[in-house]
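Student: Model the structure of this input:
(2 chains)
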There are 2 protein chains.
Amino acid sequence: MRPVTVYDIAREANVSVATVSRVLNNTAPVKKETRERIVALMHKYQFQPNALARSLTRKETGMIGFILPDITNPFFPEVLSGFDYEARKLGYTYFLCDTISTNEENERLYDRQYERESQYLSLLMEKQVDGIVMIGGRVDLAKPDPELTRELEEVAKRVPVLLLNGSLPKTKLNRVSADQKFGAELAVQHLIDLGHRDIAVIGGYSKMTNTQQRLSGFRSAMKDAGLAVRKEWILTEGFSVPKGQEFAAKLLSAKRRPTAIFCMNDLLAIGALKAAHRAGIRVPEELSIVGYDDIPQATYSIPELTTVSLMSQEIGRQAARTLDKMIAGKKVPLFQSIMPELVVRETTAPLSGTNFQ
Amino acid sequence: MRPVTVYDIAREANVSVATVSRVLNNTAPVKKETRERIVALMHKYQFQPNALARSLTRKETGMIGFILPDITNPFFPEVLSGFDYEARKLGYTYFLCDTISTNEENERLYDRQYERESQYLSLLMEKQVDGIVMIGGRVDLAKPDPELTRELEEVAKRVPVLLLNGSLPKTKLNRVSADQKFGAELAVQHLIDLGHRDIAVIGGYSKMTNTQQRLSGFRSAMKDAGLAVRKEWILTEGFSVPKGQEFAAKLLSAKRRPTAIFCMNDLLAIGALKAAHRAGIRVPEELSIVGYDDIPQATYSIPELTTVSLMSQEIGRQAARTLDKMIAGKKVPLFQSIMPELVVRETTAPLSGTNFQ
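Tutor: Okay, here's the model as predicted:
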């Protein structure tokens, strides 16, 4: 006689297999009478739940680890949201591992980040995840410590690892990434098309690959238009609203001012808006501002931000689809590129006579 | 002869126990020569790493599950940040479980939330976490389905569970919560002190305990001041920027308008700012707006939001300290209350002749 399965129990109890699974694993509420009916059938057939429950659980809840650098930066929840949508459809659950460290005053300690990544990588291995997605942190470094690279290569030998919006130089780890250089070109070309010639760029961290690529896009668009890049109009080392305000205030208080600012993310652009407001400079009439990322907050400001959509949702979805294939042992491209799109809203306008040049 | 321990290895290798642990568990990069020295000693003493590594790991990385409703709502990353700061000091790592569901168009499906909570509760049990923190979702419901309550009570029998900013009625689950009613009273009293008498309230969900408590604070402050509450000036069912804009636009287009709006969160207040801007109504000269939560975005807007700080960082920190005690089997109060604080910025002003009443 073949052993009784969850399918037999479900059929006889007139419920779905999922309901039987819920009773077995106590994963979700089941009506008291239904639960009692199922439990009674299990006793009747001397049903052995453990092994079966286990296989059922394994099949139903493949687990993925998602390591990211700072959940308070609204870009990352957007990527996650796309990832989550697709991952759930594919039957996965995921654990989020945020690697930012803060001190007593809630200041961000970015240098502690890599250590926490290591901690989480180890934990995820121990918890036997099916795959790992990593964004930010060491994945953003143009020249990471070789030990950081080595560690991730070791992990990737044991479990599929997918890097988002970055890379680890000299490794063959799979990647899905927005074309950062192209995104910056879109932003700067938009300003040039509006007649701007005096264009500044603010934000980013010079050690980060993303920043280097965006700066490269900025320079390339300026060069193609025959425009000069002024060194004092490139202000880096920061990604926050206060930093954007600080950078823009510096630019706007100088004797010679730019007529347009390209910001390395939307938070910086929101800060630039504040600096312009404080300085009594009207946006977009007297100053054009372009952001980058297209986070939800880009539409919260007055005026709403013109920005570059990094297609964060799409990056997340593509990540889930790709990792699923990797977990199934299927072949995937080593590198997949996502094309950013320009989103024109209210902070950019043609260079006009009202500009203060 | 007593078995060699990690402490012996560490001493002889002249490194910390943490470094030996790293080599054992491959949790973080260790210099090549140091690693080789440690591995050589392990061979020399026929050190048995597995069991010891295991106990060391257990001791060093207690794991906590943190279940929250929607990471794209900036309030939750703030609570997390405080939790993280304290939890790390206490030696814990945590996995974040976001229970929001979205559809193809990235719209939020709040009714799927409770099912995902169940899924994560089950997974966290399977992964043997030391404790679970829960915020939002079923914890916010004034009248949750009894099965949702029962499930969490069952979990709490096996592992410490702490509820944040909410409760499950009729249960004895531990809670840390902001005093929501008091917070609303602070906001409304501030408006009354400025001379406002025509005060509207927007946002929240009527089925949520938090909303009911804040509405109760609103009514109580109005009553104490002898002011009438106008039914058509209470607009609920929503927590987003677009909803805030929609509610405020409705209020501002009516024949009789309020001179002040109390918003159930800061996102709604940002929406109200946008509605006022579109209607050509100046804030705070012609309309005062108060938010709630004090998320970072409260300082991104122009003008910056007057709001009620729910002390989100402090809630997170207190949660970590409390859960740590629960895990250690120590006694903790069943309920701990955190007092909100009023933060006066730029969106509120005295009722003046320029008001349009």
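
Student: Quick one: mean pLDDT over stretch A:261-273.
Tutor: Averaged across stretch A:261-273, the pLDDT comes to 98.

Student: oh, I was asking about stretch A:298-316
Tutor: pLDDT averaged over stretch A:298-316 gives 96.

Student: quick one: buried residues of it?
Tutor: Neighbour counts over stretch A:298-316 (16 or more other Cβ atoms under 10 Å in any protein chain shown) mark A:298-303, A:305-316 as buried. Yep, even glycine has a C-beta here, placed from its N, CA and C like the rest.

Student: ok, and which of the residues you listed reach chain B?
Tutor: Applying Cβ under 8 Å from any Cβ of the partner chain to the buried residues of stretch A:298-316, one finds that A:T299, A:Y300, A:S301, A:I302, A:Q313 fall near chain B.

Student: Of those residues, which belong to strands?
Tutor: Assignment to strands by DSSP state E places none of these there.

Student: any idea which helix or strand carries A:E147?
Tutor: helix A:146-158 (DSSP states H and E).

Student: quick revisit: so of the ones next to chain B among the buried residues of stretch A:298-316, which two are at opposite extremes in space?
Tutor: Checked with Cβ to Cβ, those reach their widest spread between A:I302 and A:Q313, with 24.7 Å between them.

Student: before we move on, back to that, just checking: what are the partner strands of the following helix or strand past the helix holding A:E147?
Tutor: Downstream of helix A:146-158, the next assigned helix or strand under DSSP H and E is strand A:161-164. Strand A:161-164 has the following sheet partners, assigned by DSSP bridges: strand A:131-135 (parallel), strand A:174-178 (parallel).

Student: Save those strands as CSV, and put in mean pLDDT too.
Tutor: Shown next, in CSV, are these (pLDDT from 0 to 100):
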stretch, mean pLDDT
strand A:131-135, 96
strand A:174-178, 96
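
Student: how long is stretch A:126-140 end to end?
Tutor: 25 Å (Cα to Cα, to the nearest Å).

Student: Off-centre distance for that stretch?
Tutor: 13 Å (Cα atoms, centre = their mean, to the nearest Å).

Student: And the nearest residue in space to A:E104 that is not next to it in sequence, what's its pLDDT?
Tutor: In space, and not counting its chain neighbours, A:E104 is closest to B:Y85: 7.5 Å by Cβ to Cβ, 6 or more residues apart in numbering or on different chains. On the pLDDT scale, B:Y85 is placed at 89.

Student: I'd guessed B:Y85 sits against B:R317; true?
Tutor: Yes - B:Y85 is within contact range of B:R317, at 6.5 Å (criterion: Cβ atoms under 8 Å).

Student: what touches both of these two?
Tutor: Here B:Y85 and B:R317 share no contacting residue, scored by Cβ atoms under 8 Å, 6 or more residues apart in numbering or on different chains.

Student: of those two, who's got more company?
Tutor: Using other Cβ atoms under 10 Å in any protein chain shown, the more surrounded residue of B:Y85 and B:R317 is B:R317, with 23 against 19.

Student: A:K325 - how many residues pack around it?
Tutor: 15.

Student: If you could redo that for A:L268, that was the one I meant.
Tutor: 32.

Student: A:R37 too?
Tutor: Neighbour count of A:R37, defined by other Cβ under 10 Å: 18.

Student: Same question for A:P69.
Tutor: Quick note: A:P69 (other Cβ under 10 Å) scores 22 neighbours.

Student: what's the spacing between A:T306 and A:E341?
Tutor: A:T306 sits 12 Å away from A:E341, going by Cβ to Cβ, to the nearest Å.

Student: same question but for A:K231, I mixed them up
Tutor: In terms of Cβ to Cβ, A:K231 sits 30 Å off from A:E341.

Student: where do the helices sit along the stretch 51-200 of chain A?
Tutor: A:75-89, A:113-126, A:146-158, A:180-193 (DSSP state H, counting those that start in this stretch).

Student: and of those helices, who's closest to B:G195?
Tutor: helix A:75-89 (39.8 Å).

Student: Contacts for the closest one next, please.
Tutor: Against helix A:75-89 from outside (Cβ under 8 Å, 6+ apart): A:64, A:66, A:68-71, A:93-94, A:96, A:133, A:135-136, A:164-165, A:265, A:293, A:295-296, A:310, A:312-317, A:319-321, A:323-324, B:71-72, B:77, B:98, B:100-104, B:106.

Student: the strands in the stretch 1-150 of chain A, which residues?
Tutor: A:62-68, A:92-98, A:131-135 (DSSP state E, counting those that start in this stretch).

Student: weakest of those by average pLDDT?
Tutor: Minimum mean pLDDT among these: strand A:92-98, a mean of 87.

Student: Run the angle between that strand and helix B:113-126 for me.
Tutor: Using axes from the mean of the first three to the mean of the last three Cα atoms, to 10 degrees, the inter-axis angle of strand A:92-98 relative to helix B:113-126 is 80 degrees.

Student: Quick one: distance of strand A:92-98 to the chain centre.
Tutor: 13 Å.

Student: and it with chain B, contact?
Tutor: Yes - on the criterion Cβ under 8 Å from any Cβ, strand A:92-98 is in touch with chain B at A:T93, A:F95, A:L96, A:C97, A:D98.

Student: just to revisit the earlier point, between A:K231 and A:E341, which is the more surrounded one?
Tutor: Counting neighbours by other Cβ under 10 Å for A:K231 and for A:E341 shows that A:E341 has the greater number, 14 against 6.

Student: partner residues bridging the nearest residue to that one once chain neighbours are set aside?
Tutor: Nearest residue to A:E341, sequence neighbours excluded (Cβ to Cβ, 6+ apart): A:S309, at 4.8 Å. A:S309 has these beta-bridge partners by DSSP bridges: A:D293, A:E341.

Student: Distance-wise, check A:I199 relative to A:R150.
Tutor: Note on A:I199: its distance to A:R150, by Cβ to Cβ, is 41 Å.

Student: Between these two, which has more neighbouring residues?
Tutor: More neighbours surround A:I199 than the other of A:I199 and A:R150, with 25 against 15 (other Cβ under 10 Å).
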